[in-house]
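In: Provided below are the primary sequence and the corresponding predicted coordinates.
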Amino acid sequence: MNMTDRFAVLILAAGLSSRMGCFKPLLPLANSSVVRTAIAGCLEARIRNIVVVTGHRRSELLAEISNLPVQTVHNECYRGGMFSSVLTGVRALPADIQAFYLLPGDMPLVQPSTYTALARAFKPGLGVIYPEWQGRRGHPPLITASCIPELLKWHGEGGLRCFLQQYAQRSATISVGDPGILLDMDTPTDYQRLQEYAREAKEANMRNQQINCSISNCHYWEKGNICQASAILVTSDTMAQSLPEAMGAATATQVAQSPVSKRNESCCQTFVERAAYQARQDGVQRL
């Protein structure tokens, strides 16, 4: 059993999005939507108990996530504020979980590694575990199941923040390298900032994957084992299609037009040369 099978995630996607002016969960983000991006991060962290709380524009939201492995629960009182959605979601949690993450639906860029770090910090006796980036607490907190009975009886004043303050002496804070724990989107300006961060993160991830793959291939290429080197890469057609973004259209066209039998070798050689240069620039030690 995976460590994260003991935990669940509540994704709150029921609100009116009044400050944004349009429904936040369905806004486009990173070639997907905000709500699907949030769910994808949880799935990548291998969390299987995902509960999405719906409310405003429920039918549209259900259609957006209908093919994803999540449970949904509807908050009839969503106009009453976020705490009503928290209570609705908590009541729908599996009875055997040990803790749950609470993720506002407008914070979709939390990295999978943050969920994992919080899970590893879990231990009996704690009430809440918070992620922290550069000295600032963010979302999602990991709230232990022992808090649930008192949470369900909470009068609601001050919302969840006020409730969790009762557990200050039983809380822990975990430092993570994840700005996404602080990136929400209440306003159009926030949304633009989130889009820029998602785009930059995607480009950085692509560069890192290319460099790591290419430097690993150096070992095989230098030994003359082209087949082994090429096997590590993605298929030649996919590689050729990705080259315009990664290396320029001219190179991609040249590779794509080369004989199929030579295409893997061309891709491998080009990426090895690029990796060797990038490694020198970044101070990465070649294998």
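Out: Done, it's in.

In: going forward, measure contacts and count neighbours with C-alpha atoms only.
Out: Fine.

In: could you break this protein into its assigned domains?
Out: Listed by automatic domain parsing, the domain ranges of the chain are 3-186, 206-282.

In: ends of stretch 134-150, how far apart?
Out: 31 Å (CA to CA, to the nearest Å).

In: before we move on, what about stretch 138-149?
Out: 24 Å.

In: what do you get for stretch 78-86?
Out: End-to-end for stretch 78-86, by CA to CA: 10 Å.

In: so for that stretch, what gets flagged as buried?
Out: Neighbour counts using 16 or more other CA atoms under 10 Å place 78, 82-86 of stretch 78-86 among the buried residues.

In: mind putting those into CSV with pLDDT?
Out: Shown next, in CSV, are the buried residues of stretch 78-86 (pLDDT from 0 to 100):
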residue, pLDDT
Tyr78, 94
Met82, 92
Phe83, 93
Ser84, 94
Ser85, 96
Val86, 96
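
In: next, count neighbours for the closest residue to Ser171 other than its chain neighbours.
Out: Distances taken as CA to CA, 6 or more residues apart in numbering place Val128 nearest to Ser171, at 4.7 Å, with adjacent residues excluded. By other CA atoms under 10 Å, 26 other residues sit near Val128.

In: residue numbering should commence at 434 henceforth.
Out: Okay, using 434 as the starting number, the last item reads as Val561.

In: related to what we said a few turns ago, lowest average confidence across the domains of the chain, which one?
Out: With a mean of 48, domain 639-715 has the lowest mean pLDDT of the domains of the chain.

In: distance of Lys635 relative to Asn464?
Out: 11 Å.

In: next: Pro541.
Out: Taking CA to CA, one finds Pro541 at 13 Å from Asn464.

In: ok, the two, which is more surrounded?
Out: Shown here are Pro541 and Asn464; by other CA under 10 Å, Pro541 has more neighbours (28 against 10).

In: what's the nearest residue to that one if we skip its chain neighbours?
Out: Looking at Pro541 with CA to CA, 6+ apart, the closest residue is Ala471, at 4.0 Å.

In: and which of the buried residues of stretch 511-519 is nearest Asp617?
Out: Nearest to Asp617 among the buried residues of stretch 511-519 is Met515, at 14.6 Å by CA to CA.

In: wait, what's in contact with that closest one?
Out: By CA atoms under 8 Å, 6 or more residues apart in numbering, the contact list for Met515 reads 445, 447-448, 592.

In: ok, for Val468, nearest residue in space, not its chain neighbours?
Out: Using CA to CA, 6+ apart, the closest residue to Val468 is Pro458 (4.8 Å).

In: so which strand or helix has Glu493?
Out: If you go by DSSP states H and E, Glu493 is part of helix 491-498.

In: go through the next helix or strand after that helix and flag the buried ones.
Out: Once helix 491-498 ends, the next helix or strand along the chain (criterion: DSSP H and E) is strand 504-507. If you call a residue buried by 16+ other CA under 10 Å, then strand 504-507 has these buried ones: 504-507.

In: please consider this matter closed, and thank you.
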